[in-house]
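Participant: Predicted coordinates and the sequence they were generated for:
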Amino acid sequence: MRLEITQMGLVESPVLGDGHAGFGGRSGETHQRQRWQSAPDRPNKAAGDALGIDLLNNPYLVERDAAVAWRTALWYWNTQNGPGTMTAHNAMVTGAGFGETIRSINGSLECNGGNPGQVQNRIDNYTRFVQILGTVPGDRLSC
């Protein structure tokens, strides 16, 4: 099993036995890593090109270097629509809401009935987090 950092929490998922699942790894290994929703090489290449880091040939950098992990996460949040219609950042600043961030990051894997339990878990975590910060979660929490 592989331990993945998702939008608001940790989940376990099996590592494919190909030795290159996500950011690489052999079956049975456990890692914390940023989760990419599409083919492994495509987001590594795009993020690496944008950040000036060779993530295509060094995908483990995202897993092993906290600064690289944060940079790639912020790059995705601010620049990539993913399966949604806008970036997660734009979803929050334009009032489209937290639900649209879920759609931008996870698309039909979770939205439109894909995994309502996981969506509710994200909403619960987000709501708890914004309460800790002393603010309100806003409208449109679900996708």
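Facilitator: Looks like it arrived, so ask away.
Participant: and the closest residue in space to Arg71 that isn't next to it in sequence, how many neighbours does it have?
Facilitator: Spatial nearest neighbour of Arg71, excluding adjacent residues (C-beta to C-beta, 6 or more residues apart in numbering): Leu51 at 5.4 Å. Every residue, glycine included, has its C-beta placed from N, CA and C. Applying other C-beta atoms under 10 Å, we find 14 residues neighbouring Leu51.
Participant: Ok, Thr79 next?
Facilitator: Using other C-beta under 10 Å, Thr79 has 14 other residues around it.
Participant: looking at it, it is touching Thr87, isn't it?
Facilitator: Yes: using C-beta atoms under 8 Å, Thr79 is in contact with Thr87, at 6.2 Å.
Participant: How is the chain divided into domains?
Facilitator: 2-79, 88-132 (automatic domain parsing).
Participant: weakest of the ones you listed by average pLDDT?
Facilitator: Lowest mean pLDDT of those: domain 2-79, a mean of 65.
Participant: which residue ranges form the strands in the protein?
Facilitator: Using DSSP state E, the strands of the chain run over 2-6, 9-13.
Participant: Please report the separation between the first and final residues of stretch 96-113.
Facilitator: Start-to-end span of stretch 96-113 (C-alpha to C-alpha, to the nearest Å) is 19 Å.
Participant: what residues does that stretch touch?
Facilitator: Residues from elsewhere that reach stretch 96-113, judged by C-beta atoms under 8 Å, 6 or more residues apart in numbering: 7, 37, 76, 80-88, 90-92, 114-115, 118-119, 122-123, 126, 137-143.
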